[in-house]
Structures are given as structure tokens and as C-alpha cells.
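Visitor: got a predicted structure here, sequence first:
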Amino acid sequence: MSLKYSLIFALCLAAVALSNTERARYDNYRVYRVTASNLQELAFLKEMEDSSDALIFLEGVHSVDKDIDVVVAPHKVPDFLKALIDHNIDYVLLEQNLQSRLEDEDDTEIRGRAGAYGWQEYQTLTNTYTWLRSLTSSYPGVVRLIEGGKTYEKRSILGVKISYNNGAEKKPGIFLEAGIHAREWIAPATATYIINQLLTSEDAAIKDLFQNYDWYIFPHANPDGYVYTHTTDRLWRKTRQPHGTCYGADPNRNWDFHWNTVGASSNPCSETYAGPSAFSELEAKSLSNYIQTLEGKIDVYISFHSYSQYVLYPYGHTQELPDNVNDYERVFNVTVAAIAERYGTRYTGGNIYDAIYPAAGASVDWVYGNVGTRMSFCLELRPGPNSILTGFRLPAAQIIPTGEETLDGVVALVNEVKALGYFV
Ligand SMILES: *[C@@H]1O[C@H](CO)[C@@H](O)[C@H](O)[C@H]1NC(C)=O
Ligand SMILES: [Zn+2]
């Protein structure tokens, strides 16, 4: 082999090794808490969020006078701080080295091997898919596999339809979508917890939900992203389709409803990149196609995210309120009260635009606006706002308590929607 060819060969080997083993690291990444005291400062922070992939705004850029936590790459620290000072934006340093926090988790909190499926640890995609498949033989005629299409990396978006009594009678439909943002691990864990409770609980309120509704549940609306958070980058949020020099779009800014009008970025490297066009991401496109086939059958839609403990409803693209906002408010009130009852967990929320931030192109808005589902919610699960200590890495010991209180909320939500006459 000539020197030239052996060099190329060596380079190829290096590239292969890199693609198989390299994990994202956050050594010396700092976490700052910043506060905008007026709209100009807020707009500046929003511009930072939309333009740089050296900054990760952990819960997005909210409103004036609220704490905003941001991860800053080490090389970016001097300019980041200078920009804050130049714009009079207050800040405090919360964490010197994010990597040390990420290392607490890894092996102890993830169940990646075969074994009993459960909620003591976070599960891999493979484990959850195996478990979903096993349910069809454990509950024949009751649990059916459904597919919300494929992903960019050709995985299946797998879910279950749960229909008591073999779907003999027509029942109201409830659709649960989780995991559209990859790093929000508590969302799929909560969705699978609810599947299990629906099928096994002796509690009268849960049995009522199981027996009298058709359930369509997708624990992983973004499987490629979820796998990537296990193999490569725990803080990954988006899909994995390449766009220019960066990867992925935000699949919850990509739905074809007032797409990219506000609260989304046009920069492919941003965490909130809306994509080059509405439904450019196969995940959002194919799940929406599936939902469209259910037109008239979905009475309640709930999208699970984390974190901040919010119950949210349309719209995200405008301050204008949905025409049935009074009903939304009533359902919101009973849901928040029900979630608090068991462990005192405090939720807030409201219409997306005012309660958190303008954000166009989310699934809940598209569902509300396009398929006749009048009750469409987004739940941001534990932990509460500004929980940089746990954030997206909610300790696995909290999966079950989160599942319990969230299901309490879902029970109250569905019963209130029923009381309001939506299921007749
Ligand atoms: C919801 O609760 C709030 C606070 O208790 C109350 O002011 C509001 O009237 C309630 N809304 C509805 C529609 O029940
Ligand atoms: Zn989310």
C-alpha cells in the first residue's frame, strides 16, 4: 500500500471509530441564570437563542422578570458575558462544569438490558418497543399496535391502541403523545406508566377510563432523537435529519399551523429550528397523517413534555384565545388541583402564548386547528421551573410519583371534559 493509500485508510478507520464511540461532552460548559428586566432585553436573549448553537436555553426564553437558565459552551463564555453586560442583563453563575452533573446518571438510571420492564429506571427505546409488542399478546383484542409512520432513520413510531371489549362500542377517543422532544425522558416514562395503569389498575376511576374510552398512545414521537440521547448526547432535543451543516429540526415547531410565524428559529443550528418548511420532519409529518386518519375519533389530545410543571392549551402562535377558552379554564383548574392532591406538586399554566412563550407550529395547536379535537393540551411534567439541578434528568426514583400524579390529572381532565358535554 502506498503511503497515500494507507493514510486514507487510517483516516477512514478514525472516522468509523469516531462515529461509533464518541459521545457529546459538556466539560467546562457553564450554566448561567439570566433575567430580562424589559422587552428589549428579552428580545436580545431570544435572538441569542435563535442564532447560536453554543448556547442552550434549557426551558426556552420566557417572559420579562423570570429566571432563564442557559448552558454556555466554554469558548463562548467571554462573549456571552460581555453581551449580557453590554445589554444590562443580570446574571448569576449556577454551575461551573455541566459534565460533572451529567455523569451522576448514566449507568444507574437507564435499563438497557433485558429484564422485567418497569418504572424504577428509564427505559431504552428497544425495551419499550419490546414491551409494547408484548402487550398485544398479554391483552389480545384489547391492545393493538399502531404505527404513526417512520422516522428519518427509518425507525417505526410505535404506539398502542387500547380498546376495552374489543372495540365493540363506539367510545370517545383520547390521544397521548410523548417524547417529541428527545431529552425529556420523563414524558415517555409517564406515557408507559399510564398504559400499564390503564391495563392493570383496580382503582375505580382508572378502570372507568380504561373501559369507557379508546386510547391511542405514542410514548416516543421522536424515536431517533431519543436513541441519540442514549448513545451520544443526553441533551439532544430535535430530530436527526441533517439541515445544512447542522442536524435536526424542532419537531414541535414543525407542524403546519401558523408555521414559523413566531417563537421558532430559521437557523438550522438552533434548538428551536422550525425546519425548512412545515412538516419537513418525517416524524411530525407522518404522525400528523396518522392523526388525520382518526378525524372525528379523537376527543382529547394530550402532549407530554418536561419540564416546568405547566398545563397548557392553545394557542402558541397568538395571544388570541380559543373560542372555548372558558371550558379550557375549567378543565385547567380541576387538572391542576388534581395533580397537587397526592404530593403537593404545584402546576401553573394557561394558553401557551401567555403562560410560557409564543411558539408556533406545536402539535397541540395543529390538532386543535385541524382535526376537530376541541380539547388539546400540553403538559410540562416535573420538575418545576428553574430546576437546573435535575432538569431533563429527573431522578428515576421520581418516575412513579410523576406517573401517579399525572394520571390523577388525566383522570380529572377527562372527567371534566365529559362533564362539559364534549363526549355526547
Ligand atoms: C379557575 O380558578 C381561578 C382561580 O381560583 C378562578 O379565578 C377562575 O374563575 C376559575 N375559572 C373557571 C372557569 O372556573
Ligand atoms: Zn418539550
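Guide: All right, it came through fine. Ligands and ions are numbered 1, 2, ... in the order given.
Visitor: spell out which parts of this structure neighbour ligand 1.
Guide: Residues of the chain found near ligand 1 (Cβ under 6 Å from any ligand atom) are 326, 329-330, 333. Placement of C-beta: from N, CA and C, glycine included.
Visitor: any low-confidence regions in this protein?
Guide: Within the chain, the stretches with pLDDT under 70 are 1-21, 104-115, 167, 389-390.
Visitor: check which residues of the longest helix anywhere in it are buried.
Guide: Longest helix of the chain, by residue count under DSSP state H: helix 399-419. Neighbour counts over helix 399-419 (16 or more other Cβ atoms under 10 Å) mark 399, 402-418 as buried.
Visitor: now for that helix, which elements pack on it?
Guide: If contacts are counted by 3 or more Cβ pairs under 8 Å, 6 or more residues apart in numbering; DSSP states H and E, helix 399-419 sits against helix 186-200, helix 204-212, strand 300-306, helix 325-343, strand 375-381.
Visitor: extract the CA atoms of that helix and return them as PDB.
Guide: C-alpha atoms of helix 399-419 as PDB (Å, rounded to 0.1, in the frame of the first residue of the first chain):
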ATOM      1  CA  ILE A 399     -40.800   8.300  37.600                       C
ATOM      2  CA  ILE A 400     -43.500   6.600  39.600                       C
ATOM      3  CA  PRO A 401     -44.600   9.600  41.700                       C
ATOM      4  CA  THR A 402     -44.700  11.600  38.500                       C
ATOM      5  CA  GLY A 403     -46.800   8.900  36.800                       C
ATOM      6  CA  GLU A 404     -49.200   8.800  39.700                       C
ATOM      7  CA  GLU A 405     -49.900  12.500  40.000                       C
ATOM      8  CA  THR A 406     -50.000  12.900  36.200                       C
ATOM      9  CA  LEU A 407     -52.600  10.100  35.900                       C
ATOM     10  CA  ASP A 408     -54.600  11.800  38.700                       C
ATOM     11  CA  GLY A 409     -54.500  14.900  36.500                       C
ATOM     12  CA  VAL A 410     -55.600  13.000  33.400                       C
ATOM     13  CA  VAL A 411     -58.500  11.400  35.300                       C
ATOM     14  CA  ALA A 412     -59.700  14.800  36.400                       C
ATOM     15  CA  LEU A 413     -59.100  16.300  33.000                       C
ATOM     16  CA  VAL A 414     -61.100  13.600  31.200                       C
ATOM     17  CA  ASN A 415     -63.900  13.700  33.700                       C
ATOM     18  CA  GLU A 416     -64.300  17.500  33.500                       C
ATOM     19  CA  VAL A 417     -64.300  17.400  29.700                       C
ATOM     20  CA  LYS A 418     -67.000  14.800  30.000                       C
ATOM     21  CA  ALA A 419     -69.000  16.900  32.500                       C
END
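Visitor: how far does it sit from its chain's centre?
Guide: Centroid displacement of helix 399-419 relative to its chain, using Cα atoms, centre = their mean, to the nearest Å, is 18 Å.
Visitor: list the contacts of stretch 129-136.
Guide: Contacts to stretch 129-136, defined as Cβ atoms under 8 Å, 6 or more residues apart in numbering, come from residues 117, 123, 143-145, 156, 158-160, 192, 195, 199, 219.
Visitor: and with 7 Å instead?
Guide: 117, 143-145, 158, 160 (Cβ atoms under 7 Å, 6 or more residues apart in numbering).
Visitor: stretch 210-225 near ligand 2 at all?
Guide: No: against ligand 2, stretch 210-225 shows no contacts by Cβ under 5 Å from the ion, the least distance being 9.8 Å.
Visitor: report the buried residues of that stretch.
Guide: Those would be 210, 213-225, for stretch 210-225 by 16+ other Cβ under 10 Å.
Visitor: of all the residues you listed, which two lie farthest apart?
Guide: Across the buried residues of stretch 210-225, the longest distance by Cβ to Cβ is 31.1 Å; it joins F210 and D224.
Visitor: which residue ranges of the stretch 101-250 of the chain form strands?
Guide: 110-111, 122-123, 143-150, 156-162, 173-178, 214-218, 242-243, 246-247 (DSSP state E, counting those that start in this stretch).
Visitor: near ligand 2, which residues of this protein? Just list them.
Guide: 181, 305.
Visitor: how does the chain divide into domains?
Guide: 3-104, 110-419 (automatic domain parsing).
Visitor: torsion angles phi and psi at G248?
Guide: phi 80, psi 150 (degrees, to the nearest 10).
Visitor: same question but for D69, I mixed them up
Guide: Per degrees, to the nearest 10, the backbone of D69 is at phi -100, psi 130.
Visitor: what's the spacing between it and ligand 1?
Guide: Look at D69 and ligand 1: by Cβ to the nearest ligand atom, to the nearest Å, they are 28 Å apart.
Visitor: okay, and the beta partners of that residue?
Guide: In this structure, D69 bridges to R33 when assessed by DSSP bridges.
Visitor: shouldn't it be in contact with N386?
Guide: Yes: contact status for D69 versus N386: in contact at 5.9 Å, counting by Cβ atoms under 7 Å.
Visitor: ok, Y247 - contacts?
Guide: Contacts of Y247 by Cβ under 7 Å, 6+ apart are R240.
Visitor: for it, list each beta-bridge partner.
Guide: When bridges are called by DSSP bridges, Y247 pairs up with P242.
Visitor: what about the helices in the stretch 51-200 of the chain?
Guide: Listed in chain order, the helices of the stretch 51-200 of the chain (DSSP state H, counting those that start in this stretch) span 77-86, 98-102, 106-109, 125-138, 186-200.
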